[in-house]
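Undergrad: Got a sequence here, can you build the structure:
(chains A and B)
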There are 2 protein chains.
Amino acid sequence: MRTKQEATLHAPEGQPTIEIVREFDAPVERVYRAHVDPELVQQWLGPRRLTMRMDHWDIRRGGSYRYTHVDTDGTEYGFWGAVHDARPNELITQTFGFDGAPDTPSLDKATFEDLGNGRTRLRVVSVVHDVAARDAFLSSGMEGGMNESYERLDELLEQQ
Amino acid sequence: MRTKQEATLHAPEGQPTIEIVREFDAPVERVYRAHVDPELVQQWLGPRRLTMRMDHWDIRRGGSYRYTHVDTDGTEYGFWGAVHDARPNELITQTFGFDGAPDTPSLDKATFEDLGNGRTRLRVVSVVHDVAARDAFLSSGMEGGMNESYERLDELLEQQ
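TA: So this is what the prediction gives:
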């Protein structure tokens, strides 16, 4: 029986950063692949009620991505970014922007750590240009969306 | 006679950010163009003693760039990044990485403000993931390189 995983979210007082740490019961190669293969990403990124339309998803140094989350009432939420760096099974650094707040992007650094025994620790540190933008991000409900995303990712990793 | 411009650099205590503000005696369209046209960028970016080899320079949303500064003794310094957003004569948001410190990139937001009378204010806010990386950046001599770059940009803008 697999242990239920919990993400930890750390938002240091007065700093424009958010750190998320989450472990997965899957080897690092599969957790990394679930972040770079658009057909896999589409199966877990975002809350369950949203449909993800993948415009493009090209995770390599100098690549970029854009996708649209479509709500049950047809409302669309567009997200996009550019990839600073990607090292397989190790690191992805990319920007993250939302059409609804285009001037407050974040720079997100995701590191993938092989814990042995087929387990992986994912650590994502996001930074924005000021603490107000960080706080707006926190109060947008991102934590609930993140937990639901990672539960979906657990399910995807179990199936593979 | 043109007034000599000075850049102001602001590095707030305990924050992982650096803000640079500099005015130019040129219309916003020309200052912006000097940032996106690789043949122009090559003429001003970096200290005078370095030669700039432009690998690619594609400043648009989802674009990327890479260049190498070559010192008089042949030493090479490689820089690269990805472009989150670019709105002509208004804003460029891009990542900035150095081969010598590949895991501490910054996210740089440059805004171009039309001051009227053919003058432009450039404001660049850079953010990194922690204050230690910001301080390392400050002590790397970036301020001298920046001032020399902007003097060269003044000269380029006078010629055009």
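Undergrad: So which bits of chain A are right by chain B?
TA: Residues of chain A lying close to chain B by C-beta under 8 Å from any C-beta of the partner chain are A:14-17, A:61-64, A:66, A:80-85, A:91, A:93-95, A:97, A:102-103, A:105-107, A:109, A:125, A:127-130. C-beta here means a position set from N, CA and C on the backbone, and glycine is covered the same way.
Undergrad: Going through those residues, which ones are buried?
TA: Buried by 16 or more other C-beta atoms under 10 Å in any protein chain shown: A:15-17, A:61-64, A:66, A:80-85, A:91, A:93-95, A:97, A:102, A:105-107, A:109, A:125, A:127-129, out of the residues of chain A next to chain B.
Undergrad: In strands, which of those fall?
TA: The members of these that map onto strands under DSSP state E are A:17, A:64, A:66, A:80-85, A:91, A:93-95, A:97, A:106-107, A:109, A:125, A:127.
Undergrad: Pull the residues that contact the longest helix along chain A.
TA: For chain A, the helix with the greatest residue count under DSSP state H is helix A:142-159. For helix A:142-159, the surrounding residues in contact (C-beta atoms under 8 Å, 6 or more residues apart in numbering or on different chains) are A:2, A:5, A:7, A:9, A:20, A:22, A:24-26, A:30-31, A:34, A:40, A:43-48.
Undergrad: Would you show me how to pick out the buried ones of those residues in ChimeraX?
TA: Selecting only the buried entries of the contacts of helix A:142-159 in ChimeraX, with 16+ other C-beta under 10 Å as the criterion:
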select /A:7,9,20,22,24,25,26,30,31,34,40,44,45,46
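Undergrad: Please flag which of the contacts of helix A:142-159 sit within strands.
TA: Judged by DSSP E, the subset of the contacts of helix A:142-159 located in strands is A:9, A:20, A:22, A:24.
Undergrad: residues contacting the third one?
TA: By C-beta under 8 Å, 6+ apart, the residues touching A:R22 are A:5-8, A:121-122, A:150.
Undergrad: how much space between it and chain B?
TA: 18 Å (C-beta to the nearest C-beta, to the nearest Å).
Undergrad: what pLDDT does that residue get?
TA: On pLDDT, A:R22 comes in at 97.
Undergrad: Spatially, and excluding backbone neighbours, which residue is closest to it.
TA: A:A7 (4.1 Å; C-beta to C-beta, 6 or more residues apart in numbering or on different chains).
Undergrad: you'd agree that neighbour is up against A:E19?
TA: No. Applying C-beta atoms under 8 Å, one finds A:A7 not in contact with A:E19, separated by 10.4 Å.
Undergrad: wait, A:S106 sits on A:S126?
TA: Yes. With contact defined as C-beta under 8 Å, A:S106 and A:S126 form a contacting pair (4.4 Å).
Undergrad: got any residues that touch both of those two?
TA: A:96, A:137.
Undergrad: how near is the closest residue to A:T17 other than its chain neighbours to A:G116?
TA: Nearest residue to A:T17, sequence neighbours excluded (C-beta to C-beta, 6+ apart): A:V127, at 4.9 Å. With the distance defined as C-beta to C-beta, to the nearest Å, A:V127 ends up 30 Å from A:G116.
Undergrad: With A:I20 instead?
TA: Separation of A:I20 from A:G116 (C-beta to C-beta): 22 Å.
Undergrad: can you check A:N147 too?
TA: 25 Å.
Undergrad: Over to A:K109?
TA: Per C-beta to C-beta, A:K109 is found 23 Å from A:G116.
Undergrad: Quick one: low-confidence residue ranges for chain A.
TA: Along chain A, the parts satisfying pLDDT under 70 run over A:1-4, A:160.
Undergrad: Let's see that with 80 instead.
TA: Within chain A, the stretches with pLDDT under 80 are A:1-5, A:160.
Undergrad: element containing A:D114?
TA: Assessed by DSSP states H and E, A:D114 sits inside strand A:106-116.
Undergrad: Can you name every helix or strand that that strand contacts?
TA: Counting contacts by 3 or more C-beta pairs under 8 Å, 6 or more residues apart in numbering or on different chains; DSSP states H and E, strand A:106-116 is packed against helix A:28-36, strand A:91-98, strand A:119-127, strand B:106-116.
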